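**Student:** Next comes the sequence, and after it the predicted model I'd like to discuss.
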Amino acid sequence: MTVPAAAVTLALDTATPFLTLALAWEGGEATFSEEVGRAHAERLADAAQGLFERAGLPFRAGQIVIGTGPGSYTGVRVGASYALGLARVWGAPVLGVSTLEALVHGPDGTVPEGEVAVSLDARRGNVYGAVYEVREGVVTRVVHPPARRPLEEFEALAAGLPHHRDIAPNGLALLRAGLAHGETEWALAYL
């Protein structure tokens with residue numbers, strides 16, 4: 001398959017116990033998601049190369065989208081380091097998006113329209129959560145920005161809304177969010 005590298009986008013997230021990857025190019029998409037616990041560093045490079053191979057693409061992308069967390073200190077840094085290394089070699093920009101945006105797709109892959117609450121366990125009765133407005137599968141507005149809150153407080157904010165808790169990030173949701181409004185100036189967030 002002849003697809004110019006500039007037309008390929010790689011998305012990756014290592015902030016949760018899942019290793020989540022996605023590729024998109026004109027006319028195609030490919031995803032990978034696996035629960036790896038804390039083995040992101042051991043699995044990331046092979047999984048990324050394998051995804052390109054399965055897609056029939058050379059190992060090169062024109063842009064990279066990274067999930068910036070919140071997540072474990074080591075997990076988030078593994079993904080960011082890998083993305084920055086590839087970006088340097090490929091001459092590609094790295095666009096950062098909150099990992100929480102990759103949770104707007106439900107565990108079954110469906111995307112509710114309207115306001116959606118998403119959260120990750122932040123331990124000790126806290127969650128790291130946000131409420132987003134979603135249109136056509138993409139976050140269009142941040143209703144309540146990502147923040148660490150007591151569980152009860154966040155549940156009050158999320159009352160009556162679809163609420164996706166502690167699910168695997170969706171690679172295509174992350175990729176689309178990055179292309180729609182990813183930031184070139186980003187910071188990592190830790191649980």
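**Tutor:** It's in. Everything quoted here is computed from the prediction, not taken from an experiment.

**Student:** Convert the longest helix along the chain to CSV, retaining C-alpha atoms only.
**Tutor:** Residue-count comparison of every helix in the chain, with assignments taken from DSSP state H, identifies helix 73-90 as the longest. The C-alpha atoms that make up helix 73-90 are tabulated as CSV, following Å, rounded to 0.1, in the frame of the first residue of the first chain:
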residue,chain,number,x,y,z
TYR,A,73,3.9,8.5,36.7
THR,A,74,5.8,5.9,34.8
GLY,A,75,3.1,4.9,32.4
VAL,A,76,2.5,8.5,31.2
ARG,A,77,6.2,9.1,30.8
VAL,A,78,6.8,5.9,28.9
GLY,A,79,4.2,7.0,26.2
ALA,A,80,5.4,10.6,26.1
SER,A,81,9.1,9.5,25.7
TYR,A,82,8.3,7.0,23.0
ALA,A,83,6.2,9.6,21.1
LEU,A,84,8.8,12.3,21.4
GLY,A,85,11.5,9.9,20.2
LEU,A,86,9.5,8.9,17.1
ALA,A,87,8.6,12.5,16.4
ARG,A,88,12.3,13.5,16.4
VAL,A,89,13.2,10.7,14.0
TRP,A,90,10.1,11.2,11.8
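
**Student:** Could you chop the protein up by domain?
**Tutor:** Per the record's domain assignment (automatic domain parsing), the chain is made up of the domains 5-100+168-181, 103-165.

**Student:** Export these to JSON lines and append columns for distance to L191 and mean pLDDT.
**Tutor:** Just so you know, the C-beta spots here come from the backbone N, C-alpha and C atoms, and that holds for glycine as well. Written out in JSON lines, the entries for the domains of the chain read as follows (distance: least, Cβ to Cβ, whole Å; pLDDT from 0 to 100):
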{"stretch": "domain 5-100+168-181", "distance to L191": "5", "mean pLDDT": "95"}
{"stretch": "domain 103-165", "distance to L191": "5", "mean pLDDT": "92"}
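
**Student:** Just say which of the ones you listed is most tucked in.
**Tutor:** With neighbours defined as mean count of other Cβ atoms under 10 Å, the domains of the chain peak in mean count at domain 5-100+168-181, which reaches a mean of 20.

**Student:** What's the end-to-end length of that one?
**Tutor:** 21 Å (Cα to Cα, to the nearest Å).

**Student:** before we move on, what about stretch 6-22?
**Tutor:** With Cα to Cα as the measure, the first residue of stretch 6-22 is 16 Å from its last.

**Student:** same deal with stretch 104-114?
**Tutor:** Taking Cα to Cα as the measure, stretch 104-114 stretches 11 Å from start to finish.

**Student:** quick one, strands of the protein?
**Tutor:** Secondary structure of the chain by DSSP state E: the strands cover 9-13, 18-25, 28-35, 63-67, 94-97, 114-121, 126-135, 138-150, 163-165.

**Student:** what residues does the fifth one touch?
**Tutor:** Put plainly, it is strand 94-97. In this structure, residues lying in contact with strand 94-97 by Cβ atoms under 8 Å, 6 or more residues apart in numbering are 63-68, 83-84, 87, 174, 177-179, 181-187.
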